[in-house]
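Trainee: below: sequence and its predicted model.
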Amino acid sequence: MDFRDSPQEAEFRARLRAWLAETAGRFPTSGDEYWARQGEWHQALYAAGFFGSSWPKEFGGHELPPVYDVIVDEELAIAGAPPRPSLGYLVQGLGRHGSKELQQRFLPGMINGTERWCQGFSEPGAGSDLASLTTTATRDGDEYVVHGHKIWTSYSDVADWCLLLARTDSEVPRHKGISAFIIAMKQPGVEQRPLQMISGVTREFGQVHFDGARVPADQMVGAPGDGWKLAMTVVGHEREPSTLGYAARYGKLVRQLAARLDGPAPDDLAWAAVQTEMLRLHVRRRLSEQLDGVVHGPDGSLDKLLMTWVDQSVGHAALAVTGTADPELLGSYFYSRAQSVMGGTSQIQKNIIASRILGLGV
Ligand SMILES: Cc1cc2nc3c(=O)[nH]c(=O)nc-3n(C[C@H](O)[C@H](O)[C@H](O)COP(=O)(O)OP(=O)(O)OC[C@H]3O[C@@H](n4cnc5c(N)ncnc54)[C@H](O)[C@@H]3O)c2cc1C
């Protein structure tokens, strides 16, 4: 595959670069300020035509090939702008499992950023073993009533809607009794409590308590018991580096760290440079496969594992070059520790690779 820009891609890149030169500096890139203004950033990107590039036009996307998302990620990194808000996994979940009515009602607001979303899967006793979740949704006339406790719910403080997994049937095998809902976050019976991260960020995620919250029955995504299928789609897409699009950002950070050196590079930085280049080439290979129509399954776990290694290598390199002197780099080191947990831990990715790709009995 020829990775040089086509004339259309070059024109798109130039337009984006010009827009970023005007706009990027107005938005914070880290800390609580970043999270507080992430919605505004999302809407600005969308309004300028640079968000939702590869999603269907009928839901407000531009239906362009996935390479345009990579161009956006590259240019945002070059400009020092905040990253592209990552919600492709939710778009995929609703796009693949939701009815036409639910897609038409909810996808446009999700894509253009006027309605904010969170993902209510994990619970204090159900993370890796998601099928053991205990939040319940009980039918009451035309509604379901929800009780339970979700945790590590990213964006829960600002979310209008939650893609929620809840148990609707406890008589069947565990993963067959789970259903998915689109539940309003701003209603009586939903309480959100923020959680502070080691990096100092307090606005990224929280715990959510559901105590008698209500959801219309027609906001169930799919049929009763289909929640597990939706969950597998969502977590599968959470694991793709091309969706998360951080490869260009890591490369830039490594170059910035190298520029700070006045002696030989520490081993950690050299290793981060090798890993970053590996990820860049890997993302391109995945992109090329996508353009050939290859649909990914369990190999998303390889992507997630590779991205975690790279993120944490870059975090170690930052620590080796600047120590604890630079609060922003220290924050990115701390955040890199979360990469081997969020979206499914590294151990779970290895289990999936062993059982579903290598065919080993796990
Ligand atoms: C920054 C961040 C954002 C997140 N955002 C969200 C969100 O928006 N929505 C949401 O629902 N969740 C979210 N999560 C939660 C995340 O999905 C879970 O933390 C993750 O799935 C792990 O679950 P757990 O924390 O319960 O750990 P556990 O499952 O309790 O795991 C503890 C340890 O045991 C290991 N382990 C567990 N089972 C096995 C096994 N079978 N084989 C080998 N080792 C095993 C794990 O690898 C881990 O090291 C987020 C997490 C983070 C860190």
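Mentor: Okay, I see it.
Trainee: drop to CA atoms for contacts and neighbour counts, all remaining ones
Mentor: Will do.
Trainee: name the SS class of the residue of the stretch 201-350 of the chain found nearest the ligand, please.
Mentor: As assessed by C-alpha to the nearest ligand atom, the ligand sits closest to residue 342 within the stretch 201-350 of the chain, at 3.8 Å. Three-state assignment for residue 342 (DSSP: H, G, I helix; E, B strand; the rest coil): coil.
Trainee: phi, psi for it please.
Mentor: Here is the backbone geometry of residue 342 (degrees, to the nearest 10): phi -60, psi 150.
Trainee: for the stretch 1-150 of the chain, which spans come out with low pLDDT?
Mentor: Scanning the stretch 1-150 of the chain for pLDDT under 70 picks out nothing.
Trainee: enumerate the residues of it near the ligand.
Mentor: 118-122, 126-129 (C-alpha under 6 Å from any ligand atom).
Trainee: which of these fall in helices?
Mentor: Using DSSP state H, the subset of those located in helices is empty.
Trainee: now a ChimeraX select for only the buried ones of those.
Mentor: Selection command for ChimeraX covering only the buried members of those, criterion 16 or more other C-alpha atoms under 10 Å:
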select :118,119,120,121,122,127
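Trainee: neighbours of residue 163, how many?
Mentor: Counted with other C-alpha atoms under 10 Å, the neighbours of residue 163 add up to 23.
Trainee: now the strands: where do they sit in the stretch 201-350 of the chain?
Mentor: Remark: strands assigned in the stretch 201-350 of the chain by DSSP state E, counting those that start in this stretch are 205-216, 220-221.
Trainee: listing partners with orientation, what would you give for the shortest one?
Mentor: So the one you mean is strand 220-221. In the sheet, strand 220-221 lines up against strand 178-184 (antiparallel) (DSSP bridges).
Trainee: OK, contacts around residue 254?
Mentor: Residue 254 sits next to 269, 272-273, 314, 317 when contact means C-alpha atoms under 8 Å, 6 or more residues apart in numbering.
Trainee: circling back to that earlier point, TSV please, covering the strands of the stretch 201-350 of the chain and showing mean neighbour count, distance to the ligand and mean pLDDT.
Mentor: Converted to TSV, the strands of the stretch 201-350 of the chain look like this (neighbours: other C-alpha atoms under 10 Å; distance: least, C-alpha to the nearest ligand atom, whole Å; pLDDT from 0 to 100):
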stretch	mean neighbour count	distance to the ligand	mean pLDDT
strand 205-216	20	7	97
strand 220-221	25	16	98
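Trainee: helices of the stretch 101-250 of the chain, start to end?
Mentor: Under the criterion DSSP state H, counting those that start in this stretch, the stretch 101-250 of the chain contains helices at 227-238, 241-244, 247-260.
Trainee: worst average pLDDT in these?
Mentor: In terms of average pLDDT, helix 241-244 trails the rest of the helices of the stretch 101-250 of the chain, at a mean of 54.
Trainee: and for the nearest residue to residue 174 once chain neighbours are set aside, the neighbour number?
Mentor: Nearest residue to residue 174, sequence neighbours excluded (C-alpha to C-alpha, 6 or more residues apart in numbering): residue 131, at 5.9 Å. Using other C-alpha under 10 Å, residue 131 is surrounded by 22 other residues.
Trainee: quick check: end-to-end length of stretch 205-225?
Mentor: End-to-end distance of stretch 205-225 (C-alpha to C-alpha, to the nearest Å): 27 Å.
Trainee: to residue 322, which of the strands of the stretch 201-350 of the chain lies closest?
Mentor: strand 205-216 (27.9 Å; C-alpha to C-alpha).
Trainee: and the angle from that closest one to strand 178-184?
Mentor: Interaxial angle of strand 205-216 relative to strand 178-184 (axes from the mean of the first three to the mean of the last three C-alpha atoms, to 10 degrees): 90 degrees.
Trainee: what comes into contact with strand 205-216?
Mentor: By C-alpha under 8 Å, 6+ apart, the residues outside strand 205-216 that reach it are 142-157, 181-184, 187-196.
Trainee: how far away from the center of its chain is it?
Mentor: In terms of C-alpha atoms, centre = their mean, to the nearest Å, the centre of strand 205-216 is found 21 Å from the chain centre.
Trainee: redo the helices of the stretch 101-250 of the chain as JSON lines? Include distance to residue 113.
Mentor: Below are the helices of the stretch 101-250 of the chain laid out as JSON lines (distance: least, C-alpha to C-alpha, whole Å):
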{"stretch": "helix 227-238", "distance to residue 113": "19"}
{"stretch": "helix 241-244", "distance to residue 113": "17"}
{"stretch": "helix 247-260", "distance to residue 113": "23"}
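Trainee: which one of those helices lies nearest to residue 72?
Mentor: With respect to residue 72, and counting by C-alpha to C-alpha, the nearest of these is helix 247-260 at 10.0 Å.
Trainee: alpha carbons of the closest one, as PDB, please.
Mentor: Taking C-alpha atoms only, helix 247-260 is exported to PDB below (Å, rounded to 0.1, in the frame of the first residue of the first chain):
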ATOM      1  CA  ALA A 247       0.700   6.300  17.700                       C
ATOM      2  CA  ALA A 248       1.500   9.800  16.400                       C
ATOM      3  CA  ARG A 249       1.300  11.300  19.900                       C
ATOM      4  CA  TYR A 250       3.900   8.700  21.300                       C
ATOM      5  CA  GLY A 251       6.200   9.400  18.400                       C
ATOM      6  CA  LYS A 252       6.100  13.200  19.000                       C
ATOM      7  CA  LEU A 253       6.700  12.700  22.700                       C
ATOM      8  CA  VAL A 254       9.800  10.500  22.100                       C
ATOM      9  CA  ARG A 255      11.200  13.200  19.700                       C
ATOM     10  CA  GLN A 256      10.600  15.900  22.300                       C
ATOM     11  CA  LEU A 257      12.300  13.900  25.000                       C
ATOM     12  CA  ALA A 258      15.300  13.300  22.700                       C
ATOM     13  CA  ALA A 259      15.500  17.000  22.000                       C
ATOM     14  CA  ARG A 260      15.900  17.600  25.800                       C
END
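Trainee: sounds good, over and out.
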